[in-house]
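Chemist: A predicted structure for the sequence below; I have some questions about it.
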2 protein chains.
Amino acid sequence: MDDIDKKIIRLLGLDARRALADIGAAVGLSASAVNERIRRLVGSGAIRRFTVDADPRALGLPVLAYLWVALARDADEEAFRRMMAEHPAIGECHHVTGAWSYLAKVRVGSLDELEALLAEIKRHGFLERSETVIALSSVTDGPFCPKEEGP
Amino acid sequence: MDDIDKKIIRLLGLDARRALADIGAAVGLSASAVNERIRRLVGSGAIRRFTVDADPRALGLPVLAYLWVALARDADEEAFRRMMAEHPAIGECHHVTGAWSYLAKVRVGSLDELEALLAEIKRHGFLERSETVIALSSVTDGPFCPKEEGP
DNA sequence: CATGAAATATAGCCCTT
DNA sequence: AAGGGCTATATTTCATG
């Protein structure tokens, strides 16, 4: 992973559809050399996948919220993690330092859905207590793409 | 934006390099019809861009933290927002409800760098108070790609 | 929106450094 | 090992119905 690899990743991050010859011109390599590097970056896991950055609003998910979670003493932590990993509304969930156990990023279509999600989590008995913070607007946001849903 | 468009976005999110004919087979359309839909989705902004999901660790950014910010009364909020939007370590920054004004997602190479970032923000006089929460591990995380850096 | 042809881009091969 | 150039193949793109 040298500087050229990083530059290639940065360029792909901006536009993953750019022709290899184009990227090559930008980093000073031939198309085939770039192709080989990308192959290696994917192979090593430095590039996890090629994807799209979608607009959550266009997909009917205008509500962004963060959820602080303190797990109940007797909660099944594995089940909680599984639910976070699989639930389509949970974009991220991290085990964090501080007064709370977990921080989850949530995208839903409406406040009603947010309430329903909270109810669902509570119903499983996961929560000792929780706090919901709603994002009013975003100064800058990362890429978004919808999770795979069940069949 | 019908269900087929959504399915196309979901499939591209999983693998944006899949051949159009392949995607077409999955959604019941021809390659050219899929191509035309993707063109429209990009045109309307529903697909913001084609990108890659990179591994932050491979790029030397193993530290993930969230930064809660309460802006100082006399802070230049526009300048703060500009800094958040442009700083390469800030992946997201949202204006939020609750006791804090902003929530920022930060990726850096080390705790030293995190400390330096905090010092930088303080030095600008933006902060009334702040709180930093470090992510110890991630149950699930969204796509990551490095921000464009200055020339 | 499907089909089929034309234009492009990619991926592998072989040779050079 | 890594890259450059070439070529076959696969894919995207466009015209037509």
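Modeler: Yes, it's here. Remember, predicted model here, so these are calculated numbers, not experimental data.
Chemist: Point out where chain A drops to low pLDDT.
Modeler: Screening chain A residue by residue with the criterion pLDDT under 70, one finds the ranges A:150-151.
Chemist: Outline the domain layout of it.
Modeler: Under automatic domain parsing, the residue ranges defining each domain of chain A are A:3-44, A:63-134.
Chemist: want to throw those into CSV with mean neighbour count?
Modeler: Backbone N, C-alpha and C define where each C-beta goes, glycine included. Compiled in CSV, these are given as follows (neighbours: other CB atoms under 10 Å in any protein chain shown):
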stretch, mean neighbour count
domain A:3-44, 16
domain A:63-134, 17
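Chemist: Would you format those as JSON lines with distance to DNA strand C included?
Modeler: Compiled in JSON lines, the domains of chain A are given as follows (distance: least, CB to the nearest atom of the strand, whole Å):
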{"stretch": "domain A:3-44", "distance to DNA strand C": "4"}
{"stretch": "domain A:63-134", "distance to DNA strand C": "24"}
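Chemist: Of those domains, which is nearest B:Ile47?
Modeler: Taking CB to CB as the criterion, domain A:3-44 is the member of those that comes nearest to B:Ile47, at 10.8 Å.
Chemist: now check that closest one, is it near chain B?
Modeler: Yes: under the criterion of CB under 8 Å from any CB of the partner chain, domain A:3-44 makes contact with chain B via A:Lys6, A:Ile9, A:Arg10, A:Leu12, A:Gly13, A:Leu14, A:Asp15, A:Ala16, A:Arg17, A:Ser44.
Chemist: contacting residues around the residue lying closest to the last one once chain neighbours are set aside?
Modeler: With CB to CB, 6 or more residues apart in numbering or on different chains as the criterion, A:Ser44 has its nearest non-adjacent residue at 7.1 Å, and that residue is B:Ala58. When the contact criterion is CB atoms under 8 Å, 6 or more residues apart in numbering or on different chains, the partners of B:Ala58 are A:Met1, A:Ser44, A:Gly45, A:Ala46.
Chemist: Between those, identify the one with the most neighbours.
Modeler: Taking other CB atoms under 10 Å in any protein chain shown to define a neighbour, the member of these with the most is A:Ala46, carrying 21 neighbours.
Chemist: For A:Asp53, see how far away it is.
Modeler: Spatial separation of A:Ala46 from A:Asp53 under the definition CB to CB, to the nearest Å is 19 Å.
Chemist: Please state the offset of stretch A:47-63 from the chain centre?
Modeler: Relative to the centre of its chain, stretch A:47-63 is centred 9 Å away, using CA atoms, centre = their mean, to the nearest Å.
Chemist: buried set for it?
Modeler: When burial is assessed from 16 or more other CB atoms under 10 Å in any protein chain shown, stretch A:47-63 yields the following buried residues: A:47, A:49-56, A:58-59, A:61, A:63.
Chemist: same check, this time on stretch A:133-143
Modeler: Neighbour-count burial for stretch A:133-143, counted by 16+ other CB under 10 Å, picks out A:Val133, A:Ile134, A:Ala135, A:Ser138, A:Val139, A:Thr140, A:Asp141, A:Gly142, A:Pro143.
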